[in-house]
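K.L.:
Build me a model from this:
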Amino acid sequence: MNPINWFEIPVNDLEAARKFYETVFQLESMQVTEMGPASMAWFPGGPENPGATGTLIKTEGYTPSYEGTVVYFSVESIEETLGRISENGGKTVVEKMSIGEYGFIAHFEDCEGNRVALHSAN
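P.N.:
From the prediction side, this is the model:
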């Protein structure tokens, strides 16, 4: 079993970040939930879908950061996704590059200042 179960991406402006990620990854809508003092926008997922899922989170003690853990999102086309990132307030940090037999990666900075990454098979 994959040991990765959950991730949280810190944000200051939950609504702006939600719109950014919905547009970049072409998601229908991210459900917003209040859990105690935390406001969260959930990425789609569930037991029937492969991979880990998580949320954007706005709460005390969570600060967007360019340094630290990097979350990789699987995409069909890194080039198209980087285009949507640039069009929606993010920026490319590492252009698409080969990682040999494992495909390709790229890094970007989201609209909140988090360093995040992409992975594709081609």
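K.L.:
contacts, neighbours, all on C-alpha from now
P.N.:
Will do.
K.L.:
Help me confirm that T69 is found in a helix?
P.N.:
No. Going by DSSP: H, G, I helix; E, B strand; the rest coil, the assignment for T69 is coil, not a helix.
K.L.:
Need the mean per-residue confidence for stretch 86-99.
P.N.:
The average pLDDT within stretch 86-99 is 98.
K.L.:
for stretch 2-17, same thing?
P.N.:
Mean per-residue pLDDT for stretch 2-17: 93.
K.L.:
neighbouring contacts of it?
P.N.:
Stretch 2-17 is touched from outside by 39-41, 51-59, 62-65, 71, 111-112, 114, with contacts defined as CA atoms under 8 Å, 6 or more residues apart in numbering.
K.L.:
neighbours of S65, just the number please.
P.N.:
17 (other CA atoms under 10 Å).
K.L.:
Measure how buried the nearest residue to it once chain neighbours are set aside is and give me the count.
P.N.:
Nearest non-adjacent residue to S65, counting by CA to CA, 6 or more residues apart in numbering: N114, 4.8 Å away. Neighbours of N114 under the rule other CA under 10 Å: 22.
K.L.:
do the one 3 residues further on as well
P.N.:
By other CA under 10 Å, 20 other residues sit near A117.
K.L.:
Hmm, it is touching Y72, no?
P.N.:
Yes. Using CA atoms under 8 Å, A117 is in contact with Y72, at 4.5 Å.
K.L.:
Doesn't E22 lie inside a strand?
P.N.:
No. Under three-state DSSP, E22 falls outside any strand and is assigned helix.
K.L.:
Show the contacting residues for P37.
P.N.:
Contacts of P37 by CA under 8 Å, 6+ apart are T59, E60.
K.L.:
Check the one 3 residues further on too.
P.N.:
Taking CA under 8 Å, 6+ apart, we find M40 in contact with L14, V32, T33, E34, T55, L56, I57, K58.
K.L.:
All set, thanks.
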